[in-house]
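*Asks:* generate a structure from the sequence data that follows.
(chains A and B)
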Amino acid sequence: GESVGLHLPTLSVQEGDNSIINCAYSNSASDYFIWYKQESGKGPQFIIDIRSNMDKRQGQRVTVLLNKTVKHLSLQIAATQPGDSAVYFCAENLITGNQFYFGTGTSLTVIP
Amino acid sequence: ETGVTQSPTHLIKTRGQQVTLRCSSQSGHNTVSWYQQALGQGPQFIFQYYREEENGRGNFPPRFSGLQFPNYSSELNVNALELDDSALYLCASSVGQGGLSPLHFGNGTRLTVT
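*Replies:* Modelled structure (predicted):
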């Protein structure tokens, strides 16, 4: 079956620095990708999504990059803040599919 | 706009018992998906309900079953509980079937099976 993996399980950054969280996916047919943030004791919170017809999408302080050639997804967080500390998951799906496949997650810690 | 709400927040059950978890979807959303999240892992798809019918199922045994009601709320039922069923159960609502729109999650029900 499909698998979504992350290159680094943990990431520590200084407050104010930029963060980059990476994700590798295995299904070349996946055409819809989402980044989620999960804080302790809460459910995953939608951050940003991107469809396979795009290479880049920007939101407020976040940018998602999609490289379909190497099946790689990244989330960039600008000017990282303590409130960004959480576990980040990437998820993939087929637009025609009904289930999202999640990676194990990357734990981001922001050092004040 | 009301988000996804789940009840109860925590539950402790004994092996062999049955449990029902409940979910109210976000207003305007007609699809509900259930995911199981083991500690330190990403969520795993259990099943999805659309128009009150199961619309896809992950690799979970038949003792995991569900319902969706006309108001789009949903229940997850697990029979013959096993120790490995201990996990965070997440409900997510979305618009339409398939992967057309993002999932919006509730805060989950933490189930402990002893």
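
*Asks:* could you use CA atoms for every contact and neighbour count after this?
*Replies:* OK.

*Asks:* hey, where'd the strands end up in the chain?
*Replies:* The chain I'm using is chain A. A:4-5, A:10-14, A:19-25, A:32-38, A:45-51, A:56-58, A:62-67, A:72-77, A:86-93, A:101-102, A:106-111 (DSSP state E).

*Asks:* sorry, I should have been clearer: chain B.
*Replies:* With DSSP E as the criterion, chain B has strands spanning B:5-7, B:10-13, B:19-24, B:31-37, B:44-50, B:53-57, B:64-68, B:74-78, B:87-94, B:104-105, B:109-113.

*Asks:* can you tell me if the longest one touches chain A.
*Replies:* In this case it means strand B:87-94. Yes. For strand B:87-94 and chain A, the contact criterion (CA under 8 Å from any CA of the partner chain) is met by B:Leu90.

*Asks:* which strands or helices does the lowest-mean-pLDDT helix or strand in chain B pack on?
*Replies:* Between all helices and strands in chain B, the lowest mean by mean pLDDT, DSSP states H and E belongs to strand B:53-57, at a mean of 93. Other elements packing on strand B:53-57 under the criterion 3 or more CA pairs under 8 Å, 6 or more residues apart in numbering or on different chains; DSSP states H and E are strand B:44-50, strand B:64-68.

*Asks:* so A:Phe33 touches A:Cys90, yeah?
*Replies:* Yes. Look at A:Phe33 against A:Cys90 with CA atoms under 8 Å: they come within range, at 7.1 Å.
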